[in-house]
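Colleague: Provided below for reference: sequence and predicted model.
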Amino acid sequence: MNGSTVDESTFAALRAQLEQAAETFADGPGALEGILLGIVDDVDRAVREPLEIFPVCHHSPASATAMARRLRRKQPKVVYLELCEDMAPLLTELRNCELPVAVQAFATEVDGFPAEWSPLSVVAPITEASAEYQAIAYALDTPGVELVLVDRSSDHVFQWDARGTRSAGPGTGPGTPDARPAEEEAALHGDAVGVEMGDLRPRFAELEEHLLRHGRVRHWSEWWHQYVELPLGDSDHDTYRQVMFLIGSLFRRLAPGDPHRVRVDEDRERHMWTRMRRHLAETGTDPADCLYVCGAFHAASRVAEFGVHGTDTFEIGPPTATTWQHGLIPSSHAAIEAQFGLAAGSVSIAATLWAKNLRRTRVEPYRLAGQAGARRPRAGKAAAAAAPAPEGPPSDKLTGFLRRPPALDRLDEAELLGWSVEIVRAARRNGYLASTADAIAVFETSILLAGMRDRAKPTPYDFQDAAVTCIEKDTVPGRRDVRRLVEIMMGGDRVGRVGYDALPPLARDVHDRLAPLNLKLQQRGVRRALLDIAARPELERCSDVLWMLRYLMPHGAARPIMGERKLGERPIQESWDLALGTHQRALIELGYEGVSVEQVLEQRLRRTAYGPQATAATVLEAVEDATLYLRSRRLAGELGTHALEVLSAERSVDGAPEVLRRVRRLLAYYRTSEPVLPPWIESFVRTGYAHYCTLLPTAFTDDDATVRHVAAMLGFLFGMEGLALSLGCDRTQLELALAQSHPRDPSKTALLWAVRTHLGHLTRADLRRRCDEMLDNPMVVPVYPRYLSGFLHALEPVPGLTDFVVEAVSNAFGRLPDPVLLPWLPTLITTLRSDGADLAPLLIREAGRTFPGRLAALDAWVPPWQERPMPETVLPARHTDGGRGCALLAAHPATCDAVAGLLGCDGTWETAAPGPSGAVLAGRHPDTAVALEALLAGP
């Protein structure tokens with residue numbers, strides 16, 4: 001339609017009627033008259049525009065049907081589309097996908113935005129039952145037609161929208177009752193910002209509430225379906241355009257004055273019209289041969305830049321230095337509903353209505369050639385659309401539409417009966433005790449609800465309410481309730497898929513490397529992979545890829561069932577549950593970070609190690625992961641050197657337990673797999689020894705440093721002492737640090753005592769005496785369990801004290817009163833479970849050696865640390881002979897002389913002096929001999 005032929009008096013009759021209505025209902029002209037006449041002016045202005053504006057609503061079957069019909073009739077040479085202009089190169093890849101999918105712009109490293117915003121993501125979902133897809137398919141498959149995206153770029157989305165004020169969608173958003181609860185399919189878009197063409201929803205809360213109440217519907221999606229979709233489904237082109245202009249102008253004029261949102265909307269309109277005028281000027285295209293597809297809200301614009309004759313005062317700012325990656329990700333009906341705050345099941349119902357509209361109107365839709373599910377266009381249709389049909393000047397269709405009573409759609413009993421039977425069948429499959437009587441009840445209740453809501457024909461929403469009323473019981477027997485079953489029956493939650501050719505290089509590389517598994521990994525669902533690496537060594541490369549995917553992708557994408565990866569071990573057999581098709585979005589987003597999983601993993605390890613919150617423990621973890629997954633000595637050496645620098649700069653000991661655990665594991669690996677230790681780990685041990693010696697006195701007195709942290713420091717010092725001393729460290733550092741340590745906490749005091757005992761500064765008798773004195777002192781007994789906690793943590797640096805710790809714990813159980821012992825038992829259990837997982841086996845083995853193995857022997861058992869009374873045994877008289885002794889050696893001295901000569905010892909044989917001879921030690925300590933005699937004598 002050429003807007004230049006529109007007469008000035010096209011809507012004169014409508015203006016006169018609205019003026020009369022304003023005077024009647026508002027007691028004279030005023031604000032109401034201004035709003036009503038302003039709406040007519042907006043419609044008139046949009047219709048007059050020489051460049052035809054086609055207003056749409058996102059994911060609207062009526063808009064898609066009208067768009068397909070208009071494209072076949074007008075056949076424009078240029079299609080301007082309200083979509084981010086930087087997404088244009090991706091649209092050709094839609095033919096390699098199964099809809100719905102979403103066009104995505106993604107940025108991990110931001111430059112020009114706050115760092116906490118990272119990663120940035122913008123998605124534009126596309127379904128087949130949408131006007132934008134019809135425009136894209138027409139432009140890409142019709143020779144000589146140019147498709148131009150004119151909306152702001154993804155970078156400008158974040159430049160113009162304040163992070164705290166933008167929302168995922170208009171109206172309610174995904175967190176409101178209208179939105180679908182969080183499910184796997186609903187999370188396909190992640191936390192991306194959604195951009196859509198055709199945002200049509202009242203921004204005036206009272207207006208939406210009024211429409212819902214008087215329309216007798218529950219949510220906005222149902223109101224739109226009943227009062228816009230159905231009436232416009234069979235309307236002609238002029239009626240459709242004028243009604244959509246009217247709705248857009250109404251919602252625009254009744255929107256609250258949110259300055260930020262209004263400014264963003266107007267800037268978008270200025271941006272789009274500026275882009276279109278520049279394109280027209282550069283190409284010399286006639287505006288009559290163009291079609292501008294935009295949301296009805298933006299079609300009724302009042303900015304000065306509106307139209308091909310608007311002003312050129314708007315300056316489009318430059319993008320930031322952020323590097324954006326673009327790709328296609330799978331989408332779903334549930335994800336679209338969650339993204340834009342639509343009612344659950346509304347997009348599936350729209351897809352069903354789209355198919356019905358095509359059958360009823362016989363409109364041939366556009367589909368990209370080669371797309372999955374696409375049908376070949378019939379020759380008759382193509383020939384009929386070869387030349388644009390001539391058009392006359394438009395007329396006022398809006399007045400007749402507003403005055404015409406709603407058409408009563410005849411009840412389709414066959415369709416409703418089929419729905420009723422099908423929902424009962426689905427309910428029985430899901431555990432409901434439904435019968436034929438329930439099908440009849442659903443059928444009659446649907447008609448009843450439609451009549452109560454002033455509808456001659458039940459809508460899918462009426463049927464859904466009737467099914468819930470008649471079938472739903474107190475509990476849901478299975479995973480799905482009746483409301484969800486109705487959504488599935490109406491079309492289900494269709495999930496799109498990005499084809500292999502449209503995947504980024506990394507995703508294609510992953511599928512190629514996993515091809516030896518012979519699994520259909522691009523399909524949704526879980527696939528079980530069995531890897532017999534011993535029989536097929538080539539599968540080890542698949543195992544490497546799977547372990548890296550497990551590290552990089554969300555939980556569930558690659559889950560090992562059997563097998564593990566440890567330093568120094570080679571896999572033999574593995575079993576995996578793979579769901580790469582379900583998590584295709586995550587795999588595609590990995591492709592934005594690099595061209596291979598190894599590159600992405602290395603980048604993430606570097607980002608973790610060099611991050612502002614990195615500690616020595618996290619850097620060592622990155623070193624271990626680089627060795628485990630990448631087997632890269634270069635990267636491990638680089639990160640290990642950085643770990644040394646981070647450790648030297650730390651002034652706290654919070655990460656000491658993790659540092660100790662990872663250094664021990666890395667040392668064990670390098671000692672068994674490398675001929676020499678890497679230089680970085682030698683430097684780390686040498687520097688760590690001096691570093692922890694320096695911090696040790698402060699850690700003993702610091703309240704923020706727990707006994708576990710101090711024990712880990714001592715474990716590092718004693719465990720790495722041999723290597724550190726061989727590398728040039730001095731043990732005097734440790735002795736001076738311990739001499740300067742004066743803890744006040746009982747647990748740290750006990751830990752210091754254990755360390756001094758290990759160094760020989762205290763004897764075990766002194767340590768045992770101190771414990772006995774504390775148990776005898778009633779002032780110290782209440783805190784004695786804290787000393788025991790210190791002894792338990794002392795097993796980390798001094799495992800040789802295990803027997804003493806068993807003794808101390810046993811004495812505590814025997815001598816502590818119950819009011820002190822019982823409250824300490826949970827602390828003991830949690831300490832051994834969380835902090836002493838490696839220490840518990842030591843205690844258990846020592847206790848097994850110490851305590852009797854049978855319950856009957858427990859009463860007569862005497863602990864080995866308790867002294868026994870000396871037995872008073874009368875020894876039989878023994879014959880002594882001064883000449884006896886080592887008679888054999890004296891008689892044959894040659895052997896001893898040879899040994900003495902070999903050892904270089906000079907000496908002479910001496911004659912034994914008269915006196916006691918023989919086994920003098922056995923005479924002084926006769927217990928063993930007496931026991932042996934009793935054993936030999938028998939009963």
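Modeller: On my side now, so go ahead.
Colleague: for the rest of this, base every contact and every neighbour count on C-alpha atoms.
Modeller: OK.
Colleague: what's stretch 605-623 in contact with?
Modeller: 625-626, 635-637, 639-640, 642-644, 646-647, 650, 655-656, 658-659, 662-663 (C-alpha atoms under 8 Å, 6 or more residues apart in numbering).
Colleague: the stretch 151-300 of the chain: helices as residue ranges?
Modeller: 154-160, 205-215, 220-224, 230-232, 237-253, 259-283, 296-299 (DSSP state H, counting those that start in this stretch).
Colleague: and the contacts of stretch 605-623, which of them are buried?
Modeller: 625-626, 635-637, 639-640, 642-644, 646-647, 655-656, 658-659, 662-663 (16 or more other C-alpha atoms under 10 Å).
Colleague: returning to that earlier point: export the helices of the stretch 151-300 of the chain to TSV and tack on mean neighbour count?
Modeller: Listed next are the helices of the stretch 151-300 of the chain as TSV, based on neighbours: other C-alpha atoms under 10 Å:
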stretch	mean neighbour count
helix 154-160	19
helix 205-215	14
helix 220-224	20
helix 230-232	18
helix 237-253	22
helix 259-283	17
helix 296-299	26
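Colleague: returning to that earlier point: so which of the contacts of stretch 605-623 sit within strands?
Modeller: Of the contacts of stretch 605-623, none are assigned to strands by DSSP state E.
Colleague: among those residues, which are in helices?
Modeller: 625, 635-637, 639-640, 642-644, 646-647, 656, 658-659, 662-663 (DSSP state H).
Colleague: now for the helices of the stretch 151-300 of the chain, which one comes closest to residue 146?
Modeller: When these are compared by C-alpha to C-alpha, helix 259-283 sits nearest residue 146, at 11.0 Å.
Colleague: angle of the closest one against helix 237-253?
Modeller: Helix 259-283 runs at 140 degrees relative to helix 237-253, counting by axes from the mean of the first three to the mean of the last three C-alpha atoms, to 10 degrees.
Colleague: got a list of contacts for helix 259-283?
Modeller: So helix 259-283 is contacted by 80, 82, 150-152, 160-161, 286-287, 298, 301, 303, 305-308, 312, 314, 316 (C-alpha under 8 Å, 6+ apart).
Colleague: out of the ones in helices among the contacts of stretch 605-623, who's nearest residue 781?
Modeller: residue 656 (30.9 Å).
Colleague: surely that closest one and residue 706 touch.
Modeller: No. The criterion here is C-alpha atoms under 8 Å, and residue 656 misses it with residue 706 at 10.8 Å.
Colleague: just for the stretch 51-200 of the chain, where's the confidence low?
Modeller: For the stretch 51-200 of the chain, the stretches with pLDDT under 70 are 162-192, 194-200.
Colleague: now do the strands in it.
Modeller: Using DSSP state E, counting those that start in this stretch, the strands of the stretch 51-200 of the chain run over 52-56, 78-84, 97-98, 101-107, 120-126, 146-151, 193-194.
Colleague: compare those and give me the one nearest residue 428.
Modeller: Across those, residue 428 has its closest neighbour in strand 97-98 (31.2 Å, C-alpha to C-alpha).
Colleague: direction included, what does that closest one pair up with?
Modeller: strand 497-498 (antiparallel) (DSSP bridges).
Colleague: contacts for the partner strand, please.
Modeller: With C-alpha under 8 Å, 6+ apart, strand 497-498 has contacts from 96, 97, 98, 99, 100, 101, 328, 329, 330, 331, 581, 584.
Colleague: could you redo the last one with a cut-off of 6 Å?
Modeller: Applying C-alpha atoms under 6 Å, 6 or more residues apart in numbering, the set of residues contacting strand 497-498 from outside is 97, 98, 330.
Colleague: quick check: the first one touching residue 496?
Modeller: No. Applying C-alpha atoms under 6 Å as the test, residue 97 and residue 496 come out as separate, 7.4 Å apart.
Colleague: compare the two and say which is more crowded by neighbours.
Modeller: The residue with more neighbours, out of residue 97 and residue 496, is residue 97; 23 against 20, by other C-alpha atoms under 10 Å.
Colleague: the more buried one and residue 348: what is the separation?
Modeller: 19 Å (C-alpha to C-alpha, to the nearest Å).
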